[in-house]
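Colleague: Predicted model and sequence follow; I will ask about them next.
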Amino acid sequence: MQDVGNEWFILNNIQAIDTPALVVYPERVKENIRLLKSMVSGVEWLRPHVKTHKMAEVSQMLLAAGITKFKCATIAEAEMLGMASAPDVLLAYQPVGPKIARLQQLTQTYPNTQFSCLVDNPVTAAAIGEIFAKSGRELPVFIDLNVGMNRTGIQPGPTALALYVTCHRTAGIKPIGLHAYDGHIRDTDLSDRKEKSDAAFAPVEELVNEILNKGLPKPILVVGGTPTFPIHALRPSVECSPGTFIFWDWGYSQLLPEQQFNFAALVLTRVISKLDDETLCLDLGHKSVAAENPFPRVIFLNAPDVQAIGQSEEHFVVKVNAANNYQVGDVFYGVPIHICPTCALYEQAYVAEVGAIKTTWQVISRNRFITV
């Protein structure tokens with residue numbers, strides 16, 4: 001096995017930790033938060049997404065750093081932020097069906113948090129307004145704009161303007177901003193990414209001017225994700241919403257070389273069987289690391305020669321260089337290709353400080369329901 005000496009990720013009490021396991025390194029998380037803050041003109045222009053970590057303790061670290069606005073994708077993530085006393089939470093999702101009532105209940109359960117959500121059509125806007133008006137409340141909403149992702153949203157233009165005006169006239173809701181997620185822009189070359197991001201943002205700017213011409217207040221702009229947030233950070237009055245920065249992963253480290261965030265969460269796995277000198281089986285199956293991408297799915301910091309050849313629910317078969325002489329019981333420290341869905345596979349994360357596991361944090365909003 002490769003001699004990794006005093007590498008930052010090595011744990012001296014690893015024999016007490018069963019695998020597979022998710023491990024968070026808080027000092028590296030703090031460094032990532034500091035780096036993020038240095039990339040924008042002020043914390044008021046940050047609205048980080050919590051979908052990556054889903055942990056109240058990490059949310060509290062962001063709050064301690066002066067970040068007060070957040071973005072999330074589920075009611076459970078929104079409740080986690082309410083539990084952490086986050087002042088401003090955007091549910092970056094259009095609630096439909098029972099989810100509207102859950103959101104309304106959330107606003108009552110956590111009155112010190114301002115919740116908001118997305119809308120992209122007048123029917124849903126009316127449904128949200130009806131439920132909130134009946135309870136005597138008014139929910140802030142953002143118009144969800146489709147700027148090329150082609151997933152949700154309404155294209156910027158006359159129809160979007162009409163929807164904004166309709167929301168302004170609808171009891172129970174109040175339009176306060178525009179949401180434009182350009183997750184389809186993922187070019188490795190920063191200049192190409194900027195060119196496409198600028199083109200996608202241009203009609204958003206036009207829509208802002210049209211809203212102002214209607215005599216309505218200037219809308220808040222929540223724009224971009226991890227690949228494009230450094231570009232949007234240079235625009236005036238734009239809130240940026242990266243999420244993966246908090247833990248980082250191998251996929252983005254290769255796709256976005258200009259972003260120098262630290263790997264701050266790893267998956268740990270053990271060799272459970274040795275088929276021959278070149279073939280090992282690890283306890284890291286589909287249920288332990290995000291499997292939506294093709295191999296390798298994970299890169300091992302202390303075993304860089306590993307090549308994935310097969311994976312099932314609880315097993316990961318790999319090829320290695322025979323000269324490294326790995327043994328059953330050896331521990332591999334892995335950086336997932338995609339950390340966000342990997343975190344959602346674990347009920348808890350081990351917390352590593354000064355080379356040892358000190359405690360655990362619940363991945364509380366991996367669940368679809370907490371209390372609401």
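Modeller: Arrived safely, thanks for sending.

Colleague: alpha carbons only for contacts and neighbour counts from here, please
Modeller: Will do.

Colleague: Quick one: the strands in the stretch 101-250 of the chain, in order.
Modeller: 114-119, 139-145, 173-180, 220-223, 239-240 (DSSP state E, counting those that start in this stretch).

Colleague: so which of those strands is the most packed in?
Modeller: Highest mean neighbour count among the strands of the stretch 101-250 of the chain (mean count of other CA atoms under 10 Å): strand 239-240, with a mean of 27.

Colleague: can you list contacts of that strand?
Modeller: 44-48, 220-225, 229, 232-233 (CA atoms under 8 Å, 6 or more residues apart in numbering).

Colleague: What of stretch 350-365?
Modeller: Stretch 350-365 has contacts (CA under 8 Å, 6+ apart) with 8-14, 21-27, 53-57, 76-77, 80, 343-344, 346-349, 370.

Colleague: for the top helix by length along the chain, packing partners?
Modeller: As assigned by DSSP state H, the longest helix anywhere in the chain is helix 190-213. Helices and strands touching helix 190-213, by 3 or more CA pairs under 8 Å, 6 or more residues apart in numbering; DSSP states H and E, are helix 158-169.

Colleague: Go through the helix it packs on and flag the buried ones.
Modeller: For helix 158-169, the neighbour count (16 or more other CA atoms under 10 Å) marks 160-161, 163-168 as buried.

Colleague: same deal with stretch 225-235?
Modeller: 225-233.

Colleague: what do you get for stretch 70-88?
Modeller: Quick answer for stretch 70-88 (16+ other CA under 10 Å): 70-82, 84-88.

Colleague: And for stretch 266-284?
Modeller: For stretch 266-284, by 16+ other CA under 10 Å, it's 266-274, 278-284.

Colleague: measure stretch 257-273 end to end?
Modeller: Counting by CA to CA, to the nearest Å, you get 36 Å between the two ends of stretch 257-273.

Colleague: Need the residues that contact that stretch.
Modeller: Contacts for stretch 257-273 (CA under 8 Å, 6+ apart): 19-26, 28-29, 31-32, 35, 188, 190, 245-249, 253, 280-284, 289, 327-336, 339.

Colleague: what's the distance between it and the middle of its chain?
Modeller: Offset of stretch 257-273 from its chain centre (CA atoms, centre = their mean, to the nearest Å): 16 Å.

Colleague: can you check stretch 41-51 too?
Modeller: 12 Å.

Colleague: end to end, how far does it reach?
Modeller: First residue to last in stretch 41-51 (CA to CA) measures 24 Å.

Colleague: same check, this time on stretch 306-315
Modeller: Stretch 306-315: ends 15 Å apart by CA to CA.

Colleague: what is the rounded mean pLDDT of that stretch?
Modeller: Mean pLDDT, computed over stretch 306-315, is 98.

Colleague: and it, how far from the chain's centre?
Modeller: With CA atoms, centre = their mean, you get 26 Å for stretch 306-315.

Colleague: What is the neighbour count of residue 152?
Modeller: 17 (other CA atoms under 10 Å).

Colleague: Now find how far off-centre the biggest strand by length in the chain is within its chain.
Modeller: Ordering each strand of the chain by length in residues (DSSP state E) puts strand 265-276 first. Centre-to-centre, strand 265-276 and its host chain are 27 Å apart (CA atoms, centre = their mean).

Colleague: sorry, back to before: can I get the buried residues of stretch 225-235 in CSV with distance to residue 315 and pLDDT?
Modeller: Listed next are the buried residues of stretch 225-235 as CSV, based on distance: CA to CA, whole Å; pLDDT from 0 to 100:
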residue, distance to residue 315, pLDDT
225, 33, 97
226, 31, 98
227, 32, 98
228, 36, 98
229, 37, 97
230, 38, 98
231, 41, 98
232, 41, 98
233, 42, 98
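
Colleague: Helices of the stretch 1-150 of the chain, residue ranges please.
Modeller: Secondary structure of the stretch 1-150 of the chain (DSSP state H, counting those that start in this stretch): helices located at 26-38, 56-64, 75-83, 98-109, 122-134.

Colleague: Of those, flag the one that's most buried.
Modeller: Comparing the helices of the stretch 1-150 of the chain by mean count of other CA under 10 Å gives helix 75-83 as most buried, with a mean of 25.

Colleague: Just the C-alphas of that one, formatted as CSV.
Modeller: Below are the C-alpha coordinates for helix 75-83, written out as CSV (Å, rounded to 0.1, in the frame of the first residue of the first chain):
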residue,chain,number,x,y,z
ILE,A,75,-38.8,21.1,2.3
ALA,A,76,-36.5,19.1,4.6
GLU,A,77,-33.5,21.2,3.6
ALA,A,78,-35.6,24.4,4.2
GLU,A,79,-36.6,23.1,7.7
MET,A,80,-33.0,22.3,8.5
LEU,A,81,-32.1,25.9,7.8
GLY,A,82,-35.1,27.0,9.9
MET,A,83,-33.8,24.9,12.7
